[in-house]
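Student: quick one: sequence and predicted model below, then my questions.
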Amino acid sequence: MRLHDRFSITRRITLFTGATAILLCALLATSVMMGVHRYASDTVTREVAAAGGRVAVELERGQLTYPLVEYKSRNLQVVDPSGRVVASTTKMRGKPRMARFIPPDTRNSISCVVCGDIFPAAECNIVVAQWAHRMGDRWMVYSASPVVPPWVDPWLAALVGASAAALAAAITYVGYRNVRASLRPVNAIRVELDEINGNCPSRRVPVPATDDEIRAMAESVNRTLGRLEGALQQVQSALRHQRQFVSNASHDLRTPIAAMRAEVEDGMLAPEETSVPQLGSVLLPSLDRLQAIVHDLLTLDRLDHGMRGEQCRLDLATVVSAELRNRRHPAKRVESALEPGVVVVGDRVSLARLLTNLLDNAERHAKTTITVSVRHDPGEDPGAAVLEVVDDGPGIDRDKRELVFDRFTRLDAARSRDAGGAGLGLAIARQIAEVHGGSLRIEDSPVGARFVLRLPAVPAAATAAAERPPPHANR
């Protein structure tokens, strides 16, 4: 299992920070000790050279005293031109010369590290060789001191090591606190998300005050929750409508089925008093009602799924005129005022169904007269095509004008005195209007109900171009 699978983000970043801090602090401590060691070594070399130089000056002046003056941690030897040690400090007395190298002719002194030989085993010394001129001859003065150890001084090494360890620990701790502080908003978002459910879809995760990636994530989560809340509300609304739709449909289907069952049971109980034509004449109206309900339900299903018929340019006045001519023996007088040239794009069959539903509704509730009009409302270019169906019935209260477009809705007022009607006609009419990009509403009227259909009109230029014959059409 990999490291990031075993440890949390906080631990992984803390471990990385700690390892990096230890490495960097170790490098820093090593660099400091190397610098101090280099400085100490140079200082010792200069001091050794200075001690040998003083002896060389005394030798050149003839003021050299024997034995040589002792210096702390310093060893000195004076070698005559023949290579014999003629003077030395106490520790070097009786020993051969400490080194064999001599400075070049171009230099007066030279230094080198010498290990072993006349020095104690496993001990290295910094040896400086210098020329001294006396009575025309060149004498050699060697001065030596033990090399500086890498740790220079135990107390200094301990201090640098402890400082580096404290610095690494401080960096690791600061990194840990920073990670914890950075992830605290993430934990708050997680806790809030765990508590959000269907009973509280309006809750949102906290947004931190910092301007960083976590704030952007919180805002994105809140936007997503908002969209989910809207989708949930739509689903809940759809489910409520679906349940209401099923309840109303079952009620409307149950009524004709119960009536037919009652007639059939009566015929079976008294077969000698019932004939097939008589039973059929009683059952056919209920079957017609069932067929109409099923047909309307299939129409609504197609409209809900956005199914549209053949789209073409239609003169709305021509469609209305044809539908009025096809209505035989209307129960109420129909007056029309149709403005020609009001062109829309749509399905002729669907628009005819819309008008039929409006006329059927008007016939059921009008007292004597139904008025149908088609006109062009300029408004914004290209304007709107307006179809109005007005009856002189009891009208519809303002607070119930949207209710009549709900499926299976029949008002309990005077407008529900019709025999038949499943309450789907107006719902289908509005659905057809919306599929065609228009609207169907009930607007104010001096008397009765006034249904107003508005559809997007086709611009006059487009209509003229469509009706203009192609070039050379008459040849």
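Tutor: That came through, no problem.

Student: contacting residues around residue 91?
Tutor: For residue 91, the contact set (CB atoms under 8 Å, 6 or more residues apart in numbering) comprises residue 75. Every residue, glycine included, has its C-beta placed from N, CA and C.

Student: which helix runs longest in this structure?
Tutor: helix 213-269 (DSSP state H).

Student: averaged pLDDT, that helix. What do you get?
Tutor: When pLDDT is averaged over helix 213-269, the result is 79.

Student: other SSEs contacting that helix?
Tutor: helix 154-195, helix 276-304 (3 or more CB pairs under 8 Å, 6 or more residues apart in numbering; DSSP states H and E).

Student: partner strands of the following helix or strand past the last one, with direction?
Tutor: To tie it back to what came earlier, the one meant is helix 276-304. Note on helix 276-304: by DSSP states H and E, the next helix or strand toward the C-terminus is strand 312-315. The strands beside strand 312-315 in its sheet (DSSP bridges) come out as strand 343-346 (antiparallel).

Student: I figured residue 185 was touching residue 206, is that so?
Tutor: Yes - look at residue 185 against residue 206 with CB atoms under 8 Å: they come within range, at 6.9 Å.

Student: thinking again about what came up before, starting at the chain centroid, how far to the longest helix of the chain?
Tutor: Distance, stretch centre to chain centre, for helix 213-269: 32 Å (CA atoms, centre = their mean, to the nearest Å).

Student: domain parsing of the protein, as residue ranges.
Tutor: 9-155, 249-302, 309-466 (automatic domain parsing).

Student: quick one: these as JSON lines, columns for distance to residue 168 too.
Tutor: Converted to JSON lines, the domains of the chain look like this (distance: least, CB to CB, whole Å):
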{"stretch": "domain 9-155", "distance to residue 168": "4"}
{"stretch": "domain 249-302", "distance to residue 168": "73"}
{"stretch": "domain 309-466", "distance to residue 168": "71"}
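
Student: which of these has the lowest mean pLDDT?
Tutor: Lowest mean pLDDT within the domains of the chain: domain 249-302, at a mean of 74.

Student: next one: that domain to chain centre, how far?
Tutor: Offset of domain 249-302 from its chain centre (CA atoms, centre = their mean): 57 Å.

Student: swap in stretch 160-171?
Tutor: For stretch 160-171, the distance to the chain centre is 41 Å (CA atoms, centre = their mean).

Student: for the most centrally placed residue in the chain, what are its contacts?
Tutor: Centroid check for the chain by CA atoms, centre = their mean gives residue 220 as the closest residue, at 4.8 Å. Neighbouring residues of residue 220 by CB under 8 Å, 6+ apart: there are none.

Student: in stretch 345-359, what's buried?
Tutor: By neighbour count on 16 or more other CB atoms under 10 Å, the buried set for stretch 345-359 is 345-348, 350-359.

Student: closest one of the residues you listed to residue 246?
Tutor: Each of the buried residues of stretch 345-359 was scored against residue 246 by CB to CB, and residue 357 proved nearest at 22.2 Å.

Student: and that closest one, how far from residue 295?
Tutor: 12 Å (CB to CB, to the nearest Å).

Student: ok, back up a step: now the buried residues of stretch 345-359 in TSV, with secondary structure and distance to residue 179?
Tutor: Shown next, in TSV, are the buried residues of stretch 345-359 (DSSP: H, G, I helix; E, B strand; the rest coil; distance: CB to CB, whole Å):
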residue	secondary structure	distance to residue 179
345	strand	62
346	strand	63
347	coil	64
348	helix	70
350	helix	64
351	helix	67
352	helix	71
353	helix	67
354	helix	65
355	helix	71
356	helix	71
357	helix	67
358	helix	69
359	helix	74
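
Student: before we move on, back to that, residue 185 and residue 206: which is more packed in?
Tutor: A count of neighbours by other CB atoms under 10 Å puts residue 185 above the other of residue 185 and residue 206, at 20 against 12.

Student: excluding its backbone neighbours, what's nearest that one?
Tutor: Nearest non-adjacent residue to residue 185, counting by CB to CB, 6 or more residues apart in numbering: residue 208, 4.1 Å away.

Student: how near is that neighbour to residue 390?
Tutor: According to CB to CB, residue 208 stands 61 Å off from residue 390.

Student: check residue 11 too.
Tutor: Plainly put, residue 11 is 77 Å away from residue 390 if you go by CB to CB.

Student: just residue 433 next, same as before
Tutor: Going from residue 433 to residue 390 by CB to CB gives 17 Å.

Student: swap in residue 199?
Tutor: Distance of residue 199 to residue 390, computed by CB to CB: 48 Å.

Student: and the closest residue to residue 206 other than its chain neighbours, how many neighbours does it have?
Tutor: Closest residue to residue 206 apart from its sequence neighbours, by CB to CB, 6+ apart: residue 188 at 5.1 Å. Neighbourhood size, residue 188 [other CB under 10 Å]: 16.

Student: didn't residue 188 look like it was pressed against residue 205?
Tutor: Yes - using CB under 8 Å, residue 188 makes contact with residue 205 at a distance of 7.4 Å.

Student: thinking again about what came up before, I'd guess the residue nearest to residue 185 is in a helix, am I close?
Tutor: No - Residue 208 is assigned coil when assessed by DSSP: H, G, I helix; E, B strand; the rest coil, not a helix.
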